[in-house]
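[1] have a look at this prediction, sequence included:
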Amino acid sequence: MNEANWALARKRRTLTERAQIIQDIRNFFINRGYLEVETPHRIPANAPEPHIDAVASGGWTLHTSPELAMKRLLAAGYEQLFQICRVWRGGERGQYHLPEFTLLEWYRIDIDYHSLMNECMELLFVLVPEGKLYRDGHTIDLSMPWEKLTVTKAFAKFASMELNEALAADCFDEILTTEVEPHLGKNRPTFLTEYPTSLAALARTKPGEPHVAERFELYIDGLELANAFSELIDPHEQRSRFEADEETRRDSGKTPYPLPEKFLTELATMPEAAGIALGLDRLIMLLTDSVKIDDVVAFTDEDL
């Protein structure tokens, strides 16, 4: 007689909680008038981001995010959209990373990134109505409002060098990950805001401050949970940024990517909007007090 896969069987409770959380998220957006959409997973071109590698699929690639297709829908007249889908990013594996994982993305016209902060708080309030998360023996207070901290102030407070020094030395990501992130969202969620424009390829710049983008990332208990911004809708500026990022990719020896031409063409008709990508597996880790991302999915690559 074959024995049961006990490692898989032990996940039953967590996977049941996961299913309920996803259902609650769907209800949250449907009740607010958002349209749930599905866009192709296999596409001819992703946004050419220097530090994200797509997975090849028969001459095209698997999408690293559904954002380009969802923004094309906004440009076609759709007003409020959300999607829960699988995405793929090559070479990403660790305690909080899987090469195939689940994203929740939502987009809405006629708002900016401040409105998305409010929706993040409201979504978590629905998922955790008691207003408290319990992680590794300590309590995280979810009552509103949450902390807002600019990237400049976060580096000044927690890092071994100022933001401009880190950018000049090309070690922003390393310093952010090792020195800044562990301090964010420990007692109350933190919105890390106002990223340098050079690190926000699809975000619009802040009026009167061209060196700063209207972008934030959400942190809870030191874990990056979401990335959001007011959308850049100037197709010429967007093309210029894509070309610069693609040049950076090629200079570092990465696989060349074509530009997403249909997205760039249709961007001219897209209204002002804001959008956000939230790591659903990481959110479920937080809500179930799980230690690693492997604990909240049925199978990892290593299990197959």
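    Received it, and whenever you're ready, just let me know what you need. Numbering: from 1, shown residues only.
[2] going by C-alpha atoms from here, please, whenever you check contacts or count neighbours.
    Noted.
[3] pull the longest helix from the protein.
    Across the chain, the helix with the greatest residue count (assigned by DSSP state H) is helix 12-31.
[4] and the helices in the stretch 51-200 of the chain?
    67-75, 113-127, 151-158, 163-168, 172-175 (DSSP state H, counting those that start in this stretch).
[5] send me the second one as PDB with only the CA atoms.
    In other words, helix 113-127. Extracted C-alpha coordinates of helix 113-127, given in PDB (Å, rounded to 0.1, in the frame of the first residue of the first chain):
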ATOM      1  CA  TYR A 113      -1.100  56.300  -5.200                       C
ATOM      2  CA  HIS A 114      -2.500  57.900  -2.000                       C
ATOM      3  CA  SER A 115      -5.900  56.200  -2.800                       C
ATOM      4  CA  LEU A 116      -4.200  52.900  -3.200                       C
ATOM      5  CA  MET A 117      -2.700  53.300   0.300                       C
ATOM      6  CA  ASN A 118      -6.200  53.700   1.600                       C
ATOM      7  CA  GLU A 119      -7.400  50.600  -0.200                       C
ATOM      8  CA  CYS A 120      -4.500  48.600   1.200                       C
ATOM      9  CA  MET A 121      -5.600  49.500   4.700                       C
ATOM     10  CA  GLU A 122      -9.200  48.800   4.000                       C
ATOM     11  CA  LEU A 123      -8.400  45.400   2.500                       C
ATOM     12  CA  LEU A 124      -6.400  44.300   5.500                       C
ATOM     13  CA  PHE A 125      -9.100  45.500   7.800                       C
ATOM     14  CA  VAL A 126     -11.600  43.200   6.000                       C
ATOM     15  CA  LEU A 127      -9.100  40.300   6.100                       C
END
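[6] what's that helix packed up against?
    Under the contact criterion of 3 or more CA pairs under 8 Å, 6 or more residues apart in numbering; DSSP states H and E, helix 113-127 touches helix 12-31, strand 223-230, strand 273-279.
[7] how many other residues sit next to residue 170?
    11 (other CA atoms under 10 Å).
[8] quick one: pLDDT of it?
    On pLDDT, residue 170 comes in at 91.
[9] before we move on, what about residue 1?
    Residue 1 is given a pLDDT of 53.
[10] most tightly packed of the helices of the stretch 51-200 of the chain?
    helix 67-75 (a mean of 21; mean count of other CA atoms under 10 Å).
[11] contacts only, for residue 21.
    The contact partners of residue 21, taken as CA atoms under 8 Å, 6 or more residues apart in numbering, are 127, 284.
[12] same check, this time on the one 5 residues further on
    The contact partners of residue 26, taken as CA under 8 Å, 6+ apart, number zero.
[13] next: residue 25.
    Contact analysis of residue 25 by CA under 8 Å, 6+ apart lists 123, 127.
[14] where does it land on pLDDT?
    For residue 25, the model assigns a pLDDT of 98.
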